[in-house]
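Peer 1: This is the structure alone, sequence omitted:
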């Protein structure tokens, strides 16, 4: 409950800040982000990027999505934490053995639970207490366990594990008794530990927190790329359809206009991703969540790196595609083929994360630039790559990005001033930008 | 030295269509130059070529003898035919942004924006979104976008289209002011009477090449002279048919308008008229620009 209050307060403060900043800006549209007006330092590209940044930060959609992402990130950090918190299990016992309480305490300790034993007069009373929620489960001696509702096979909570462990323990005790083992023999069996399993290749640095962070990272990359790439596409299309591109290109070169847009929107995307990471770390520190501990900081950095590389690669492609269309319906037919490698990389990586073992396909995809942002983040989360393997993938991605940017600039230049319908790639006279 | 924008031998094809076919003309500073031609003649392609917005297959565009490139275009102002502004951006912010792209500092851009919004009588809409403005006001903002960086050359594609008389007066006055302050001003229009009022000279093109050019006065007086003759009691122009080379262009309300070649002595026309009766009107008339245009672009 305490955690929920903290999370709720945080979200409330964030939303209030958004509302306040909006109302402050309402009466003076000229200067909400005046510092960005000075991006002339970086030439025309800086000015163009500055306009993109101002307009995007100011848009209602940006604020709405930001607030939503903040909520999602808070939930992703807090909820696993609440599940892993030590909780108390109340066990109603009818005619239990003298050692039962000790044995239950041992099982609970292993699961970071505390146990309270309630002696029940009879089964009728025990059932009544269970139904009313006074206790969480009933042990009828050592022969039967009763819970309020059936345990789901996918329920991995400590409470469910506690019930299953007790069931196993008591079942073993029955088996030992049936085999007429002596107390010493029973004790020796109870101390049995599984043999350690070793492999030829050792896994390095794998932690559950790293894997969890990789999962969050892959989802974050997908959401942020999806949002900002569509902004790039729509932004180029809107400049074309409103014909403002003709006024702009009378002054600046196509490559400058394109680069300004890509950099501006990319800056907003990175700012949002960084903000989310800061929020996640702050919430994690406030709530004592373990989700972002261990190898997770490395995975966070890798996530941000691949977010930048993924955006850099795809943004040119989406911008070039935007220059081919001038209406919303024309954009629809372009989006599907463009999104296919994104979705493919995302799904394969997600499956790899959820199965706990990234497949060979994930490893291959980690070196293919369109899918590397997801696959490489996954591999890093699982500690299955070394730094130089990441470096190779980064270099491949950077080289591809340069090549894609050159081609995209040529397509953009040839297509963005062509009006009167969707431009077919085949019909373009693609030349080097002047 | 007065500035000069020189367009020489431009050629551009779109498939089988020759949009520009060896087009050449000059835009001297200090004059409003009207750029005329029927639809599809190549006016917009020419204007876009000046700004590098269309690839040329041949020809050159020189500004004071130097080929026009990105550096020169920065000092040019452009108002395209299909207006172009960010619909959801505020007017003043948009103008400041465009001024800065043309190289003005932040403070100069803000000052120039205020100045032009005042001058074009839309200062009260500075904080409005462009999409919320009327057509006429959007047109003014578009003109301000072309002027806000104090350009040396002003190229305007149909700046008067769809404006009410007040809007035409404001924009027309700005064009004349700009020309008289030493800038090159070229604008296209199909409103020939307005062009005649505003322009010192015109360039008329058809099928991608120049078919007539010169000052409005020169064009109005060169070629066949127009004469208006009225003879008391004579309603037709039959008497003029006997004059060699003279053609009757209009007979209306007892007044006959004649097209008289330069080699025909006007006294011969007067004598022919007198032979029919008492001449009450015998007048030379200027050719209207619309007539010059029609003659120049005849198929």
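Peer 2: Alright, I've got the coordinates. Owing to the predicted nature of the structure, the values given are computational and were not obtained by experimental measurement.

Peer 1: The closest residue to chain B within the stretch 51-200 of chain A: which element?
Peer 2: Chain B sits closest to residue A:51 of the stretch 51-200 of chain A, with a gap of 5.7 Å, by C-beta to the nearest C-beta. For the C-beta atoms, the positions are set from N, CA and C on the backbone; glycine is no exception. Residue A:51 belongs to helix A:43-58 when elements are defined using DSSP states H and E.

Peer 1: dump the residue contacts of the residue nearest to the spatial centre of chain B.
Peer 2: The residue lying closest to the centre of chain B (C-alpha atoms, centre = their mean) is residue B:34, at 1.8 Å. Applying C-beta atoms under 8 Å, 6 or more residues apart in numbering or on different chains to residue B:34 gives the contacts B:187-189, B:195, B:198-199, B:201-203, B:216.

Peer 1: So what's the residue count around the residue in the stretch 251-400 of chain A that chain B sits nearest to?
Peer 2: With C-beta to the nearest C-beta, the shortest gap between the stretch 251-400 of chain A and chain B falls at residue A:251, namely 4.9 Å. Residue A:251: 21 surrounding residues under other C-beta atoms under 10 Å in any protein chain shown.

Peer 1: Secondary structure element holding it?
Peer 2: Here residue A:251 is covered by no helix or strand, with elements defined by DSSP H and E.

Peer 1: ok, now residue A:265?
Peer 2: Here residue A:265, judged by DSSP H and E, is contained in helix A:254-287.

Peer 1: So which bits of stretch A:136-155 are buried?
Peer 2: The neighbour-count check on stretch A:136-155 (16 or more other C-beta atoms under 10 Å in any protein chain shown) flags A:136-140, A:142, A:145 as buried.

Peer 1: which stretches of the chain aren't confidently modelled?
Peer 2: Just going to use chain A. For chain A, the stretches flagged by pLDDT under 70 are A:1-42, A:80-87, A:153-156, A:194, A:196-210, A:289-296, A:420-434.

Peer 1: not what I meant, chain B
Peer 2: For chain B, applying pLDDT under 70 flags the ranges B:1, B:299.

Peer 1: Show me which residues of the helix or strand harbouring residue A:175 are buried.
Peer 2: Per DSSP H and E, residue A:175 falls inside helix A:158-178. Across helix A:158-178, burial judged by 16+ other C-beta under 10 Å covers A:158-163, A:165-166, A:169-170, A:173, A:176.

Peer 1: So which residues make contact with the next helix or strand after it?
Peer 2: Counting by DSSP H and E, the element after helix A:158-178 in chain order, helix or strand, is helix A:183-190. With C-beta under 8 Å, 6+ apart as the test, helix A:183-190 has contacts from A:172-173, A:176, A:181.

Peer 1: quick one on the thing from earlier: report how many residues lie close to the residue of the stretch 51-200 of chain A closest to chain B.
Peer 2: Residue A:51 has 23 neighbours, counted by other C-beta under 10 Å.

Peer 1: Look at the closest residue in space to it that isn't next to it in sequence and tell me its secondary structure.
Peer 2: Leaving out its chain neighbours, the residue that sits closest to residue A:51 by C-beta to C-beta, 6 or more residues apart in numbering or on different chains is residue B:97, at 5.7 Å. At residue B:97 the chain is in helix, as set by DSSP: H, G, I helix; E, B strand; the rest coil.

Peer 1: Distance of residue B:97 relative to residue A:161?
Peer 2: 61 Å (C-beta to C-beta, to the nearest Å).

Peer 1: Kindly state the domain boundaries assigned to the chain.
Peer 2: Picking chain A for this. Split into domains by automatic domain parsing, chain A comes to A:37-81+A:206-427, A:86-180.

Peer 1: Correction: the question concerned chain B.
Peer 2: B:4-220, B:223-296.

Peer 1: Just put these in CSV and tack on distance to residue A:74.
Peer 2: Converted to CSV, the domains of chain B look like this (distance: least, C-beta to C-beta, whole Å):
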stretch, distance to residue A:74
domain B:4-220, 31
domain B:223-296, 71
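
Peer 1: most tightly surrounded among those?
Peer 2: Mean neighbours per residue, mean count of other C-beta atoms under 10 Å in any protein chain shown, is largest over the domains of chain B for domain B:4-220, with a mean of 19.

Peer 1: For the most far-flung residue of chain A relative to its centre, what are phi and psi?
Peer 2: Most distant from the centre of chain A: residue A:180, at 53.3 Å, with distances by C-alpha atoms, centre = their mean. Backbone torsions for residue A:180, taken as degrees, to the nearest 10, come to phi 60, psi 50.

Peer 1: For chain B, which residues are neighbours of chain A?
Peer 2: Within chain B, the residues that sit near chain A (C-beta under 8 Å from any C-beta of the partner chain) are B:48, B:51-55, B:70, B:73-74, B:76, B:78, B:80, B:82-87, B:89-90, B:92-93, B:97-98, B:100-102, B:105-106, B:127, B:145.

Peer 1: got a list of contacts for the helix or strand containing residue B:280?
Peer 2: Following DSSP H and E, one finds residue B:280 within strand B:279-285. Strand B:279-285 is contacted from outside by B:225-232, B:255, B:257, B:266, B:270, B:273, using C-beta under 8 Å, 6+ apart.

Peer 1: just curious, which of those is nearest to chain A?
Peer 2: residue B:226 (41.3 Å).
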